[in-house]
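J.: structure of the sequence below:
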Amino acid sequence: MSLFVVKHQHSAETCPAGHPQMGPMLAQHVSHQGAEQFGLNLQGEAVVDGAHTLYLILDGDRDKVDQFMAPFTQVGTVEVLPSSGCEQVVSRAHC
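T.: Model (predicted):
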């Protein structure tokens with residue numbers, strides 16, 4: 001399994017949070033149970049207030065991360081960044 005930081009951004013006009021069907025569906029999707037359905041471990045999630053930007057930390061296969069994030073591409077961009085934990089970075093002595 002690999003570690004990824006995922007960044008999703010959308011405009012205020014396409015923000016799914018206030019949409020009566022899409023908002024609750026995406027909130028359920030971005031949950032530990034939702035990620036597990038794709039074979040992923042959701043380690044963390046946060047939305048930057050007022051910036052229409054979501055960050056996720058996921059463990060799993062890259063292809064599964066792409067599949068998991070597919071619904072978000074309908075309303076904005078998705079960037080999947082290969083990542084490492086701090087301990088791993090320090091043990092190899094570089095970022």
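J.: run through the residues that contact the residue most central in space within the chain.
T.: In the chain, the residue lying closest to the centroid (CA atoms, centre = their mean) is residue 56, at 3.4 Å. Shown in contact with residue 56 (CB atoms under 8 Å, 6 or more residues apart in numbering): 4, 5, 6, 8, 30, 42, 44, 45. Quick note: C-beta positions are derived from backbone N, CA and C, even for glycine.
J.: would JSON lines of those with secondary structure, pLDDT and distance to residue 66 be doable?
T.: Putting these into JSON lines (DSSP: H, G, I helix; E, B strand; the rest coil; pLDDT from 0 to 100; distance: CB to CB, whole Å) gives the following:
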{"residue": "4", "secondary structure": "strand", "pLDDT": "98", "distance to residue 66": "10"}
{"residue": "5", "secondary structure": "strand", "pLDDT": "98", "distance to residue 66": "14"}
{"residue": "6", "secondary structure": "strand", "pLDDT": "98", "distance to residue 66": "10"}
{"residue": "8", "secondary structure": "strand", "pLDDT": "98", "distance to residue 66": "12"}
{"residue": "30", "secondary structure": "coil", "pLDDT": "96", "distance to residue 66": "15"}
{"residue": "42", "secondary structure": "strand", "pLDDT": "98", "distance to residue 66": "15"}
{"residue": "44", "secondary structure": "strand", "pLDDT": "97", "distance to residue 66": "19"}
{"residue": "45", "secondary structure": "strand", "pLDDT": "97", "distance to residue 66": "17"}
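J.: give me the buried subset of the residues you listed.
T.: 4, 5, 6, 8, 30, 42 (16 or more other CB atoms under 10 Å).
J.: pretty sure the second one contacts residue 59?
T.: No. No contact is recorded between residue 5 and residue 59 when judged using CB atoms under 8 Å, the distance being 11.1 Å.
J.: still on that earlier bit, quick one: the residue nearest to the centre of the chain from residue 20, how far?
T.: In this structure, residue 56 and residue 20 are 23 Å apart, going by CB to CB, to the nearest Å.
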